[in-house]
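J.: Give me the fold of what follows.
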Amino acid sequence: MPFLTNAITTNIGNTTEYPFNIPVLANGLDMEFNSNVTFFVGENGSGKSTILEAIAIKCGFNPAGGNQNHTYDFYETESNLANFLRLSWRPKRITNGFFMRAESFFNFATYVDSNDLSDAYGGKSLHAQSHGEAFLSLFLNRFNRGIYLLDEPEAALSPQRQLAFMSIINSLENAGNAQFIIATHSPILLTYPGAVIFDFDKSPVRQIKYTETNHYQLTKSLLDDPELYFRNLFD
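T.: Predicted coordinates for the structure are as follows:
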């Protein structure tokens with residue numbers, strides 16, 4: 001069973017200002033998590049990363065990436081959504097876990113190197129590995145028991161490495177050790193069996209099937225007939 005069961009906004013801020021000018025937040029948020037693996041999908045700017053970040057802040061994780069023990073300087077861009085957010089847990093609040101955001105992973109890797117923590121990440125500097133290898137080193141060496149909030153983890157992963165990442169998710173969540181909430185654009189990751197998918201492109205946020213996602217429909221349509229798309233794109 002998932003550790004985090006609900007995320008709701010207790011009040012609504014000014015709907016003309018960020019983040020409440022995002023359509024899915026304008027009328028409040030009420031999300032129920034009933035799977036160990038949940039995906040957030042939607043177009044750029046739909047609010048999925050903003051909400052994931054707010055959950056991470058409420059968990060006490062570094063908003064630039066990391067867990068409760070990772071403290072380092074970063075350029076503050078987070079919204080104030082966490083101030084309006086309430087989380088519900090079963091049976092009690094989890095403090096173990098990690099918030100990973102692809103866009104600021106370089107800063108986290110620098111923190112690991114500067115504090116001589118590479119042994120905890122496979123014994124090799126994260127900067128001395130490819131971007132995708134560094135991601136997998138994090139997943140393999142530091143993910144065990146807790147809640148894992150991941151913002152576009154596929155950004156540096158090849159299709160083959162995305163499958164390897166899915167294997168890591170499976171081994172952890174089947175053992176009852178981990179809950180994953182993942183914002184993604186990857187049609188590969190979205191195939192994960194038993195996952196719940198929340199669509200942020202319409203308000204309120206709604207649960208949809210994999211085959212109903214724009215990611216699946218557009219990818220399938222393009223691969224079925226790329227020339228049709230090229231004629232329209234390149235005219």
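
J.: What segments of the protein are helices?
T.: For the chain, the helices defined by DSSP state H occupy 23-26, 48-59, 105-114, 131-142, 159-174, 214-224, 226-233.

J.: hey, which of those helices is tucked in deepest?
T.: helix 48-59 (a mean of 23; mean count of other C-beta atoms under 10 Å). For the C-beta atoms, the positions are set from N, CA and C on the backbone; glycine is no exception.

J.: what comes into contact with that helix?
T.: 4, 7, 19, 22, 24-25, 29, 40-42, 62-63, 68, 78-79, 81-82, 85, 87, 94-95, 97, 99, 101, 147, 149, 151-152, 181, 183, 198, 200 (C-beta atoms under 8 Å, 6 or more residues apart in numbering).

J.: before we move on, what about stretch 94-108?
T.: Outside stretch 94-108, the residues touching it (C-beta under 8 Å, 6+ apart) are 3-4, 49, 52-53, 56, 59-68, 70, 72, 74, 126, 131, 134-135, 138, 142-153, 155-156, 179.

J.: Any idea how many residues pack against residue 98?
T.: 25 (other C-beta atoms under 10 Å).

J.: That one and residue 175, how far apart?
T.: Noted for residue 98: a distance of 17 Å to residue 175, by C-beta to C-beta, to the nearest Å.

J.: mind pulling up the phi and psi values for residue 129?
T.: According to degrees, to the nearest 10, the main-chain angles of residue 129 amount to phi -120, psi 160.

J.: tell me the angle the helix or strand of the chain with the lowest mean pLDDT makes with helix 131-142.
T.: In the chain, the helix or strand scored least confidently by mean pLDDT, DSSP states H and E is helix 105-114, which has a mean of 74. Interaxial angle of helix 105-114 relative to helix 131-142 (axes from the mean of the first three to the mean of the last three C-alpha atoms, to 10 degrees): 60 degrees.

J.: What separation is there between the closest residue to residue 124 other than its chain neighbours and residue 97?
T.: Leaving aside its chain neighbours, residue 124 sits nearest to residue 118 (6.2 Å; criterion: C-beta to C-beta, 6 or more residues apart in numbering). Distance, residue 118 to residue 97, using C-beta to C-beta: 21 Å.

J.: who's more crowded, those two?
T.: Using other C-beta under 10 Å, the more surrounded residue of residue 118 and residue 97 is residue 97, with 25 against 17.

J.: hang on, the earlier thing: looking at the helices of the chain, which is nearest to residue 36?
T.: Evaluated with C-beta to C-beta, the helices of the chain place helix 159-174 nearest to residue 36, the distance being 4.0 Å.

J.: quick check, distance from that closest one to the centre of its chain.
T.: Relative to the chain's own centre, helix 159-174 is displaced by 14 Å; criterion: C-alpha atoms, centre = their mean, to the nearest Å.

J.: Over it, what's the mean pLDDT, rounded is fine.
T.: Summarised as a single mean, pLDDT over helix 159-174 is 94.

J.: Pull the residues that contact that helix.
T.: Here helix 159-174 makes contact (C-beta under 8 Å, 6+ apart) with 36-37, 132, 135-136, 139-140, 143-145, 153-154, 157, 178-180, 186, 188-189, 192.

J.: would you put the C-alpha positions of it in PDB?
T.: The C-alpha coordinates for helix 159-174 follow below in PDB (Å, rounded to 0.1, in the frame of the first residue of the first chain):
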ATOM      1  CA  PRO A 159      15.100   3.500 -24.000                       C
ATOM      2  CA  GLN A 160      17.100   0.500 -22.700                       C
ATOM      3  CA  ARG A 161      18.000   2.400 -19.500                       C
ATOM      4  CA  GLN A 162      14.400   3.400 -19.000                       C
ATOM      5  CA  LEU A 163      13.500  -0.400 -19.000                       C
ATOM      6  CA  ALA A 164      16.300  -0.900 -16.500                       C
ATOM      7  CA  PHE A 165      14.800   1.800 -14.300                       C
ATOM      8  CA  MET A 166      11.400   0.200 -14.500                       C
ATOM      9  CA  SER A 167      13.000  -3.000 -13.200                       C
ATOM     10  CA  ILE A 168      14.400  -1.100 -10.200                       C
ATOM     11  CA  ILE A 169      10.900   0.400  -9.500                       C
ATOM     12  CA  ASN A 170       9.400  -3.100  -9.700                       C
ATOM     13  CA  SER A 171      11.800  -4.700  -7.300                       C
ATOM     14  CA  LEU A 172      11.300  -1.900  -4.700                       C
ATOM     15  CA  GLU A 173       7.500  -1.500  -4.900                       C
ATOM     16  CA  ASN A 174       6.700  -5.200  -5.000                       C
END
